[in-house]
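S.K.: Below: sequence and its predicted model.
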Amino acid sequence: IAYEIARQVFMKDHHVEDDLWQAYWRSIKVSDPKLIRAARDELIIWYSIPNNSLVKRIAWRMIQYLGLNEECLDDLVHDALFFLGDKEKKEGLVYAISIYDPGRGVPFAIFARKYIWYAMLHGTTARNNLGTYQIKQYKMYHRLVEAFEVKFHRSPTLYELSEFSGKSIKKLVRMEQAGW
């Protein structure tokens, strides 16, 4: 019974999503800016507002990937929608909606994932004055700590982490401080 209910909800949601896209494509054919904006806004709401939305699922992955605090969820969702960094960077949900071509046979969720992800990543780095290298260093440090904790069931000292990883203490301190 639970499977059948889940399937019905999925099918209902799938039809709603299809209807929203059909309205968007019709508005483009009519070339009415107000209709286009309204239809696009409905798609933005569909993909960003509900708790299980595409944007929020990607935001939760970003939180896990970067080791961010859960309080960053709203910032990440905002970045996915409205990141206004370098104008040459074409990213975010709004951009993905504007260039999506269903004729290529790729579902929108798969197509839009990279645009949403990079908007969130660039928004986070801009907000925290971090570069992607710094984020990688910060993540690497925390992976080393996690690996040590898994192996020895306790938190390491810097000296122990240095011995464990083969990296100098100075390098480990820089890696840790590369983050927030």
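M.R.: Yes, it's here.
S.K.: Quick check: buried residues in stretch 93-106?
M.R.: Neighbour counts over stretch 93-106 (16 or more other Cβ atoms under 10 Å) mark L93, V94, Y95, A96, I97, Y100 as buried. C-beta coordinates here come from the backbone N, C-alpha and C atoms, glycine included.
S.K.: now, which of those residues sits nearest V106?
M.R.: The closest of these to V106 turns out to be Y100 (Cβ to Cβ; 8.6 Å).
S.K.: these two touch, right, that closest one and A109?
M.R.: No - counting by Cβ atoms under 8 Å, no contact exists between Y100 and A109, whose distance comes to 10.6 Å.
S.K.: Next one: Y141 from G166, what distance?
M.R.: According to Cβ to Cβ, to the nearest Å, Y141 stands 14 Å off from G166.
S.K.: Next: M175.
M.R.: Per Cβ to Cβ, M175 is found 13 Å from G166.
S.K.: Just the buried residues of stretch 93-106: which are in helices?
M.R.: Counted as lying in helices by DSSP state H, out of the buried residues of stretch 93-106, are L93, V94, Y95, A96, I97.
S.K.: Who are the contact partners of the third one?
M.R.: Put plainly, it is Y95. Counting by Cβ atoms under 8 Å, 6 or more residues apart in numbering, Y95 touches Y115, A119.
S.K.: could you point out which element follows the lowest-mean-pLDDT helix or strand in the chain?
M.R.: Lowest by mean pLDDT, DSSP states H and E among the helices and strands of the chain is helix 2-30, with a mean of 69. Heading C-terminal from helix 2-30, the first helix or strand you meet, by DSSP states H and E, is helix 33-48.
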